[in-house]
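Student: Have a look at this fold, sequence not included:
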């Protein structure tokens, strides 16, 4: 006698299960995340392929650790250097990669471009789309100049049928666009639900590990900017990449937040064009190409994105407020961090920012997370308030404490070499720096202990 289906509620953020609905998840604290899940007690039979019969994955067999062969350089080379950089040097066979980003940011364009290059250098690719028709993908590929004979495209959302196509084509790379539109008949939940996303991702993970096929999943993001669905999805995959950027800007950043085969927080920079995503070889120079020198309220920050140093322009604007509570706006930096820096400038330096509206913007739609950009933000705010421009050949590096002191930053030598490479002659850094092999030729390093000293060096006419 067949058992009845079981119904329960599961949190879409953390995956906690409950027999009844709750407005707030007691585990992660999020509101309105409990969704109803209907689970069949008995799984359905495995789908059958017209050519090969039932789809089955190879069985695993325990092996002694000493008997496992080491594989050196076991990566597929990727022609796109920026994409390869984020992955850690290439694509690992049998890995599963999750790519997320806002709608229209360029995820499908980037992966279609990578798929076309993969067919020319490695082998076959199966591109499965659950959101676009084959003709729509063809139109995009034609615009990008894609001419790949071993690139197979299919519009399908059923995971069972996708496995049949995999058995028929035997690709080296499988791209699923997107995981939220894919479903399996083993679960009665709708596509995109917690159960479906987790079940489909788990089965695709087994496919990748047992057959050596590399699987790339495209994931939707929520309004908070995280991958839609349970957090367990990010634990299943080997690599998690986010494609970031302002849709009104031409630059896109592919950021790695998890990578079992390389460095995390690595970043690749692309330029969005009609012909596709063009890698930017020197992003620092591109970000500073439209900079207006000797303009008050502008400073240059030297940040690290993984192993890559980036020079970005930080702009600030202060104006007399017309409201009882001055406005604060941050674009590209953390708002709480901005509030802290404003408080330090008001208390430790004496700037009357409590009567000023403060707006801070990172140029080119970039987002800076590391504290080493604190000093650049503070210098930009002070430059705007005093209406004094920072010299064009000065860059600033440093983390600011609540006492107004400057704290050391990591990888200082790498930052200084990038600044010297782009023509900067003076760099203001925290005094007592230790991570410095030898200063680049022609670069003057100015060590300071506090924000006030840094402002005297960056704004020589300032009389704080």
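Tutor: Perfect, I can see it now. This structure is a prediction, so every number in the text was calculated from the model and none was measured.

Student: Check which helices and strands the helix or strand in which residue 342 is found sits against.
Tutor: Residue 342 belongs to helix 335-344 when elements are defined using DSSP states H and E. In terms of contacts (3 or more CB pairs under 8 Å, 6 or more residues apart in numbering; DSSP states H and E), helix 335-344 is packed against strand 328-331, strand 356-362, helix 374-386. In short, each C-beta sits where N, CA and C put it, glycine included.

Student: pretty sure residue 376 is touching residue 316, no?
Tutor: No: counting by CB atoms under 8 Å, residue 376 stays clear of residue 316, with 9.5 Å between them.

Student: Could you tell me which residues touch both of these two?
Tutor: Common contacts of residue 376 and residue 316 (CB atoms under 8 Å, 6 or more residues apart in numbering): residue 299.

Student: More neighbours: which of those two?
Tutor: Taking neighbours as other CB atoms under 10 Å, residue 376 and residue 316 compare with residue 376 leading, 30 against 23.

Student: In this protein, which strand is the longest?
Tutor: Counting residues, the longest strand found in the chain (DSSP state E) is strand 308-320.

Student: any chance you could map the helices in the stretch 201-350 of the chain?
Tutor: 232-236, 283-287, 335-344 (DSSP state H, counting those that start in this stretch).

Student: what sits against the closest residue to residue 233 other than its chain neighbours?
Tutor: The spatial neighbour of residue 233 that comes closest, neighbours along the chain excluded (CB to CB, 6 or more residues apart in numbering), is residue 201 at 5.5 Å. Neighbouring residues of residue 201 by CB under 8 Å, 6+ apart: 96, 179, 217, 233, 236-237.

Student: and among the helices of the stretch 201-350 of the chain, the most buried is which?
Tutor: Among the helices of the stretch 201-350 of the chain, ranked by average contacts under mean count of other CB atoms under 10 Å, first place goes to helix 283-287 (a mean of 19).

Student: From the contact counts, what lies against that helix?
Tutor: Counting contacts by 3+ CB pairs under 8 Å, 6+ apart, helix 283-287 packs against strand 251-259, strand 267-273, strand 308-320.

Student: Just the pLDDT for residue 53.
Tutor: On pLDDT, residue 53 comes in at 45.

Student: Please apply the same query to residue 444.
Tutor: 92.

Student: Could you measure from it over to residue 419?
Tutor: Noted for residue 444: a distance of 11 Å to residue 419, by CB to CB, to the nearest Å.

Student: of the two, who's got more company?
Tutor: Taking neighbours as other CB under 10 Å, residue 444 and residue 419 compare with residue 419 leading, 26 against 12.

Student: For the more buried one, pull up the helix or strand it's in.
Tutor: Assigning secondary structure by DSSP H and E places residue 419 in helix 412-421.

Student: Mind listing what's buried along that helix?
Tutor: Burial within helix 412-421, assessed by neighbour count using 16 or more other CB atoms under 10 Å, is assigned to 412, 414-416, 418-420.

Student: Which single one of these is nearest to residue 258?
Tutor: The shortest approach to residue 258 among the buried residues of helix 412-421 belongs to residue 414, at 22.9 Å (CB to CB).

Student: Give me the spatial nearest neighbour of that closest one, chain neighbours excluded.
Tutor: Leaving out its chain neighbours, the residue that sits closest to residue 414 by CB to CB, 6+ apart is residue 309, at 5.2 Å.

Student: can you count the residues close to residue 275?
Tutor: The number of residues near residue 275, taken as other CB under 10 Å, comes to 11.

Student: Report the helix or strand with the lowest average pLDDT across this protein.
Tutor: The weakest-scoring helix or strand in the chain, judged by mean pLDDT, DSSP states H and E, is strand 48-49 (a mean of 42).

Student: Okay, domains of the protein per the record?
Tutor: The chain resolves into domains spanning 6-39, 76-280, 286-458 when parsed by automatic domain parsing.

Student: Show me the one of those that comes nearest residue 62.
Tutor: domain 76-280 (14.6 Å).

Student: Many thanks, we can stop here.
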